[in-house]
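Engineer: coords below, sequence missing:
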């Protein structure tokens with residue numbers, strides 16, 4: 001390791017921590033119904049950060065149906081390779097403020113070496129990691145750099161995939177680094193080798209022209225919510241494994257996930273059994289999962305004594321890497337329709353889909369990333385899968401098929417992304433920033 005580079009990143013950390021705090025203070029939630037101004041302010045703040053990091057060409061670019069993306073560029077010199085760095089500046093909604101310690105999700109607080117606040121990890125730490133690596137390298141490194149920071153990854157309703165397809169020449173690179181993932185455990189350098197795909201749909205059941213008295217008509221007349229619950233119950237077998245024919249599995253051969261650690265990381269209550277079959281890693285990274293993430297039905301508080309005429313649920317399916325999301329969605333739709341009891345009226349509306357990802361691990365950039373992580377952390381690198389999905393990875397692969405894709409970042413299980421009291425470990429951010437600086441500097445030698 002270059003001692004100067006290690007010392008430079010260390011000296012940068014107070015500045016990078018303050019930059020991260022400034023980003024966290026902007027409640028950049030891009031979901032419908034939230035104010036647009038903080039999202040726009042976050043985009044402007046990211047553009048300033050990239051310009052301050054030494055990129056001579058920084059611009060805001062329109063994305064169909066989404067906030068503007070920030071693009072930055074410094075050309076390669078002397079035939080050196082080019083790396084494209086990706087992250088996103090939008091965040092999940094904070095949820096109930098009372099669930100946050102101190103009750104202020106957008107007022108970042110340092111505590112025990114961690115920075116707390118919504119977006120501190122996902123994914124504003126990734127933005128700061130990219131900026132920190134560029135600041136550490138300054139403009140002495142001949143490697144070309146492109147940066148794409150988008151503003152609607154969490155909501156998932158914009159046209160960033162279409163943007164990538166339409167701007168393939170602008171984004172052309174030898175290596176693409178995705179920072180929207182993290183380490184297997186705190187302090188364990190990790191490269192993500194697989195992502196699950198995703199498919200979602202809404203299932204709506206209708207049984208009556210309108211609500212009727214549950215005493216006068218309950219019994220013969222079917223309740224839509226009861227029918228919907230029966231349909232949903234068929235999605236899993238008795239062990240809790242998905243029971244939809246046509247959903248594929250993949251043999252997972254990455255790092256194991258200890259069951260006790262998983263229970264702690266997921267917050268599974270004492271005495272509650274885990275569901276499914278196989279190792280934790282297999283269930284998380286090589287097999288599908290099915291969840292109901294939303295339901296439209298009367299609230300318990302204020303519920304009337306009436307049969308429910310219509311009920312709707314959103315079914316979210318995570319797919320084994322390699323399965324075609326369209327085929328999976330058709331299988332789920334067919335299962336739901338076949339499971340409808342009592343000849344109820346059922347309507348299944350297809351929703352969002354996304355491709356999974358399997359990394360190619362035999363390229364020069366992958367070897368350089370492994371070496372950089374090993375140097376920065378002083379430990380051997382772990383390879384593992386991620387149960388979540390990043391549909392944009394498939395768009396990058398389609399637009400820039402010859403690029404190697406590297407997935408890493410400062411997140412780890414203690415970050416509690418998408419949950420109250422999200423945080424990032426600042427020492428982990430420092431190590432990841434150093435690793436990225438070492439990686440970019442070493443790309444010329446890796447070719």
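Structural biologist: Received, thanks. The model shown is predicted, which means the values in this text are computed figures rather than measured ones. Numbering: from 1, shown residues only.

Engineer: Quick one: neighbours of residue 396, just the number.
Structural biologist: If you count neighbours by other CB atoms under 10 Å, residue 396 ends up with 24. Bear in mind the C-beta positions are built from the backbone N, C-alpha and C, glycine included.

Engineer: Now do the phi/psi pair for it.
Structural biologist: phi -60, psi -40 (degrees, to the nearest 10).

Engineer: For residue 148, see how far away it is.
Structural biologist: 9 Å (CB to CB, to the nearest Å).

Engineer: who touches both of these two?
Structural biologist: Residues within reach of residue 396 and of residue 148 at once, by CB atoms under 8 Å, 6 or more residues apart in numbering, are 86, 171.

Engineer: List the contacts of residue 341.
Structural biologist: Going by CB under 8 Å, 6+ apart, residue 341 touches 222, 227, 230-231.

Engineer: scratch that, residue 351
Structural biologist: 199-202, 314.

Engineer: please redo it, this time with the cut-off set to 10 Å
Structural biologist: 156, 198-202, 314-316, 329 (CB atoms under 10 Å, 6 or more residues apart in numbering).

Engineer: what helix or strand does residue 312 sit in?
Structural biologist: Secondary-structure assignment from DSSP states H and E places residue 312 in strand 310-319.

Engineer: Where do the helices of this protein begin and end?
Structural biologist: 3-24, 37-52, 124-137, 160-166, 168-171, 214-217, 224-233, 259-266, 280-281, 325-338, 364-377, 391-399, 426-446 (DSSP state H).

Engineer: The shortest one - contacts with which helices or strands?
Structural biologist: Looking back up the chat, that one is helix 280-281. The contact analysis (3 or more CB pairs under 10 Å, 6 or more residues apart in numbering; DSSP states H and E) places helix 280-281 against helix 259-266.

Engineer: what mean pLDDT does the helix it packs on have?
Structural biologist: For helix 259-266, mean pLDDT is 91.

Engineer: which residues are contacting it?
Structural biologist: 184-185, 257-258, 268-270, 272, 274, 279-281, 283-284, 412-414, 416.

Engineer: quick revisit: adding distance to residue 436 and pLDDT, write the contacts of residue 351 out as CSV.
Structural biologist: Shown next, in CSV, are those (distance: CB to CB, whole Å; pLDDT from 0 to 100):
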residue, distance to residue 436, pLDDT
156, 26, 78
198, 27, 94
199, 32, 95
200, 33, 96
201, 38, 97
202, 40, 98
314, 36, 98
315, 38, 98
316, 32, 97
329, 36, 97
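
Engineer: Only the buried subset of those residues, as a PyMOL command please.
Structural biologist: In PyMOL syntax, the buried subset of the contacts of residue 351 is picked out as below (16 or more other CB atoms under 10 Å):
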select buried, resi 156+198+199+200+201+314+315+316+329
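
Engineer: Can you redo the contacts of residue 351 as CSV, where the extra columns are distance to residue 322?
Structural biologist: Formatted as CSV, these follow (distance: CB to CB, whole Å):
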residue, distance to residue 322
156, 21
198, 13
199, 14
200, 19
201, 21
202, 26
314, 25
315, 21
316, 19
329, 15
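
Engineer: Residue 326 contacts residue 201, correct?
Structural biologist: No - counting by CB atoms under 10 Å, residue 326 sits too far from residue 201 to count as a contact (11.7 Å).

Engineer: list residues touching both of the two?
Structural biologist: With CB under 10 Å, 6+ apart, residue 326 and residue 201 have common neighbours 350, 353.

Engineer: Measure how buried residue 323 is and give me the count.
Structural biologist: Other residues close to residue 323 by other CB under 10 Å number 22.

Engineer: Closest one of the contacts of residue 341 to residue 120?
Structural biologist: Distances from residue 120 to the contacts of residue 341, taken as CB to CB, are shortest for residue 231 (39.3 Å).

Engineer: Pull up the gap between that closest one and residue 208, please.
Structural biologist: Distance, residue 231 to residue 208, using CB to CB: 17 Å.

Engineer: Could you do residue 187 as well?
Structural biologist: To residue 208, residue 187 is 57 Å away according to CB to CB.

Engineer: quick one, which of the two is more surrounded?
Structural biologist: Between residue 187 and residue 208, residue 208 has the larger neighbour count (other CB under 10 Å), namely 18 against 14.

Engineer: ok, that one touching residue 222?
Structural biologist: Yes - proximity of residue 208 to residue 222 meets the contact threshold set by CB under 10 Å, at 7.9 Å.

Engineer: residues shared between the contacts of those two?
Structural biologist: 307-309, 344.

Engineer: Specify which member of those is nearest to residue 55.
Structural biologist: Checking the shared contacts of residue 208 and residue 222 against residue 55 by CB to CB gives residue 308 as the nearest, at 55.8 Å.
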